[in-house]
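> I'd like to go over a predicted model; first the sequence, then the structure.
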Amino acid sequence: MSSSQIPVLIPVTFLLTALLIPLLGLINRSLAQVSAVIASGLALVFSYLGLQAVLSQGRISYHIGGWMPPLGIEFILDSLSAFLCVVFCGITLLVLIYGKTSVAHETPGKDIPFYSLTMLLLGGLSGMVMTGDLFNLYVFLEISALSGYALLGIGNRRASLAAFRYLTLGTAGASFYLLGLAFIFYSAGTLNMADLTQMLPFVQDTRPVSIGLVLMVLGVGLKMALFPMHAWLPDAYTYASSTATALIAPIGTKVAAYVLLRLMFFVADPDYMRHDLHLTQVVGYLGAIGIIWGSIMAICQKELKRMLAFSSVAQVGYIALGIGLASPLGFIGAVLHILNHACMKGCLFLFSGNLRLRLGHSTIPKFSDTLSRSMPWSSAAFALAAISMIGLPPTAGFFSKWYLALGSIEQSNWIFLAVLLVSSLLNAVYFFRIMEKIYLKPRNAGGNDSHGDAQQPVAVARNEAPGTMLVPTLTLAVGLLVLGIMNAWIITHVIHIMIPSGL
Amino acid sequence: MTPEMLTYTTSLPFLAVMVSMAAVPLILISSNRPNMREFWTLAAAFVKFGLIFSLLPAALEGRIAEYTIIQIAPGIDLQLRADPMGMFFALVASSLWILTSFYSIGYVRGANEKKQTRYFASFAVCLSATIGIAFSANLLTFLIFYEILSLATYPLVVHKETDEAYRSGRMYLIYALTAGVLLIAAIGWTYALAGTVDFKPGGLLNGIIQDPWTAKILFLLFMAGVGVKAGIMPLHSWLPRAMVAPTPVSALLHAVAVVKSGVFGVIRVVGFVFGPEVMHAFGLNLILAVFAGTTILVASLIALKQDNLKARLAYSTVGHLSYIVLGMALISADGFMGGIMHLANHATMKITLFFCAGAIYVNLHKTEISQLDGIGKAMPWTMGMFTIGALGLAGVPPINGFVSKWFLCLGALQADQLIIVGIFVVSGLLNAAYFFPIVHRAFMRKGDESIARHGEAPLLMVVPICIVGVLSLVLGFFPNLVFHFYDLASTVAGNIMHAATGITTASVFP
Amino acid sequence: MYDFIQGYYAYLFLATLFVIGLWGMMTKCNLMKKIMSMSVVQSTTILFWIVSAYKDDARVTVLDKSLGVDNPDIYLNPLPHTLMLTAIVVAVVTLGVSYALIINIYREYNTLDEPTLLERMK
């Protein structure tokens, strides 16, 4: 198999499996999960091969149906899209393995639609990452969004309403994108990204182009839950099933962020975006506000998943902030944070799923120190992910902040720097609150008996999550440490190559 | 000796850092077998000390062990380097860890503490981080270990799991994390300015910083970052509150490892990041001197009115840390010398005092100074050593505290700063004023009948106390004994000042 | 002014329609009305593409043997129309999913009125 087929193989794998699962499900229900795992494993292999091929030979372009671009639709695998594919196929694989027990527990009897939708979602997302055509992007965006709505709708009783709200807002976002695309199309006369890059400089000072770009950024920003457009996210994440959240939270908003990166730095001219439209700054400052707002809201939450959802709003802000810097360092920070945050949030949501399986809830005030003894490994994974979220070295979370901070300093943007630093502290507030509960004895219960009746461990039965759930959680947690230590390698060998020439 | 020392690559510094980290899983596994668990702690302590000590001969010859673990960010390595300054601090911390380990075992068993496994595990992580800080070759490596240290200390501060412990723990976290965050900003800025973050004797920013405001703000950021751990006022208030931790923690961490990491950070920042010339050119040392001088006096005054023994020791620690900082601010060879020497000397003396406080607590359950009447009779060895430590801190010869104070005063004279000499003298008197009443109560006053019936503290505690007490005395006579503290300190001071040729000693403060 | 209106009346109409749709999505309490407004927004977008593709004196893009393909000016641009076919499919699917969701909601809570719904959720 030559590597030239890879761009199309990844979405096709997912889309075919989406169709296959209901059929296989007729034979045996348990085949659904197995085939989903196999598909994402395959996709991971493809995207890894693709990344290797791209790093050694440069970008791979696949012309669908043999039609030459710009008329035909082009699928492109370059270092950025290949990297993103590896990231989300990896996360997906882990989460789907995790799903075996969790889905059966939380949404019994719905596993076939669940996995089928998952595959559809991933097909859509991988298409979004891969495509080189802006209208095709819209189609894949809607495929992923529609399956996403359905997936989030499979949850507890409130999930439907949350999913419905997400649907209306998401559709509005998609409409904005499509509307903006119309302006661009009629000004530049093409939908192909590479072609647009050539054409836009000739027309970019006209009003329709600027309106179009603004509308598209607005639409994508909504999908990515950029600050004032994040209202759909907390409810949708909170009420969905754990596996669905763990799948969509790390990946969904990240792919939208990827589209924003593509749009602002690859399709359009970064200089134009920065100096004439000031869009990068707007995105950056919205991100900065989102970081603070999301963190403060997260502190106020009593429910773990809801807290994590608000923290996602904040984390997306980091990526936006990196975009706002519009510099190589900002770009590195943003891309690295896409990877890091996917791992961190994945791990944290998996942890909340473990709790829901074993405790039946994930309400923070009900946590106690028995948790660290009954579920020591999950708790350890949580602690590691939390430390990474706070951004303490040498975990992965520190390094994306480090590059963003360097970028802010480089541009003397002290506001961004202050936001980054303050947000670390805010993160510390809401994560240490939980760690205190998990690892330390509840207040007042201990009293002042520091001597005397010591060594009275209340027997707590080991009640750890099953292996299929524990292994993915721990893998992600350990991955955070590895990513942190290996980050220089990732940056020099992968991210440096993808920095757009205009930055 | 020139700053261009020879370097050679060896994994010894890395192993020295990792030894205690590797002991952590072993400690956790043997949580149900206390003897086994304590064996691992002790084994790690001895191996660690051995590894560090084996680096000493080469360091004295001027050869520096270096080990690059991995490239941690483009252009920045996660690198360890056992230069004289690092060796100095690593020797202090690792040698005292051995004693503290023995003492800890006696203490936690004697006081019947809970969650001893967590205690020993956190302790081991702390030591790894401390040695990592000592051997850090650049600011980013330093930051990584600094943050690990902050985190690993937290479980020890809240160890007692009382409301007070939680409050102190939170306060500690707030201070430590805020400091860490400011340090990130400072390091990032430094990197943006200099393009490197490698420590360099004489200052990596030497000749790079031009703008006085950049210099001042950057310096303040650094000082806020490392000053929290160094207990410079007004950033000190976590330290007395962290005394709720078990006494060995207070002894090793809050007298040696954590606070000294902060002070060590100050030394690194002054001598290796900014360098004497930059410090001098922008008047940064004046800022430092004002803060440190104030801290010394105010902390000593506050210590006077503390009745809780550990609180008094804590404030005394705050004061003495600023001795070292003030020594740095003098930017004269003897000032550096004295400051660095005091890092070791204060460690041995203060650990003696804390060990004594712990022994008193375990043996008699007394925490307040007003309860100590007559305990000299019950615990003659402990209180005898306490006296040595107290005298040393007050600067009475021939105890090692005198040596470092002597150099500090010389440094101040070199810098022509009589005010600073005055501060040292006054604070010496204040030291005497707050320690003497304790000694007086212990030996001169008659105590309850109940006290007289008690014997000495457990042997596992008394022996370490005697060792550190005697060590303080011996190091006073022979500052170069075994550890070559004197040689190391003078090498460091020479290296730093070597780069600063433009400073005439008579005009240190602009 | 009159010229402006005459020249852009289709766009003005579409802009009004778009705003009406958005307004409905934001303010209407009934979920059904929200879906209707959403549909309006989607249709406006599709219409916008079609209207923009309009040319005076041009024919639909079906090959007319008598006219040939020598002069492309007499045909409309076919691309927007085909694209909008896809967009219409997407819009229909969106409607389908949203109906499924509100049917689910109605079964759970017996209402589609948002305030009542929130009340019953507590």
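Structure's in. What do you need?
> need the contact list for the residue in the stretch 1-150 of chain A that chain C sits nearest to.
As assessed by CB to the nearest CB, chain C sits closest to residue A:142 within the stretch 1-150 of chain A, at 4.6 Å. Yep, even glycine has a C-beta here, placed from its N, CA and C like the rest. Applying CB atoms under 8 Å, 6 or more residues apart in numbering or on different chains to residue A:142 gives the contacts A:124, A:174, C:90, C:93-94.
> Which positions in the helix or strand hosting residue A:94 come out as buried?
Here residue A:94, judged by DSSP states H and E, is contained in helix A:79-106. Buried residues in helix A:79-106, counted by 16 or more other CB atoms under 10 Å in any protein chain shown: A:79-106.
> And stretch B:273-282, by the same measure?
Going by neighbour count (16+ other CB under 10 Å), the buried part of stretch B:273-282 is B:273-282.
> now those residues as CSV including distance to residue C:112?
Formatted as CSV, the buried residues of stretch B:273-282 follow (distance: CB to CB, whole Å):
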residue, distance to residue C:112
B:273, 65
B:274, 68
B:275, 72
B:276, 76
B:277, 75
B:278, 70
B:279, 72
B:280, 76
B:281, 73
B:282, 69
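> Out of those, name the ones that lie in strands.
In strands, judged by DSSP state E, none of the buried residues of stretch B:273-282 are found.
> So which of these sit within helices?
Residues from the buried residues of stretch B:273-282 lying in helices, with DSSP state H as the criterion: B:275-281.
> tell me the phi and psi of the residue of the stretch 251-400 of chain B found nearest chain C?
Among the residues of the stretch 251-400 of chain B, residue B:258 lies closest to chain C, at 48.9 Å counting by CB to the nearest CB. With angles defined as degrees, to the nearest 10, residue B:258 sits at phi -70, psi -50.
> My guess is residue A:385 contacts residue A:350. True?
No. Using CB atoms under 8 Å, residue A:385 makes no contact with residue A:350, being 9.1 Å away.
> Show me the common contact partners of those two, please.
Counting by CB under 8 Å, 6+ apart, the shared contacts of residue A:385 and residue A:350 are residue A:476.
> more neighbours, the two?
More neighbours surround residue A:350 than the other of residue A:385 and residue A:350, with 32 against 29 (other CB atoms under 10 Å in any protein chain shown).
> Could you report the distance from that one to residue A:362?
To residue A:362, residue A:350 is 12 Å away according to CB to CB, to the nearest Å.
> need the contact list for residue A:143.
By CB under 8 Å, 6+ apart, the contact set of residue A:143 is A:120-121, A:123-124, A:127.
> now with 7 Å?
By CB atoms under 7 Å, 6 or more residues apart in numbering or on different chains, the contact set of residue A:143 is A:120, A:123-124, A:127.
> where's it, which helix or strand?
Residue-wise, residue A:143 maps onto helix A:134-153 under DSSP H and E.
> got the buried residues for that helix?
For helix A:134-153, by 16+ other CB under 10 Å, it's A:134-153.
> Could you do stretch A:15-22 as well?
For stretch A:15-22, burial by neighbour count (16+ other CB under 10 Å) applies to A:15, A:17-18, A:20-21.
> What backbone torsions are found at residue B:446?
Main-chain dihedrals, residue B:446, degrees, to the nearest 10: phi -90, psi 130.
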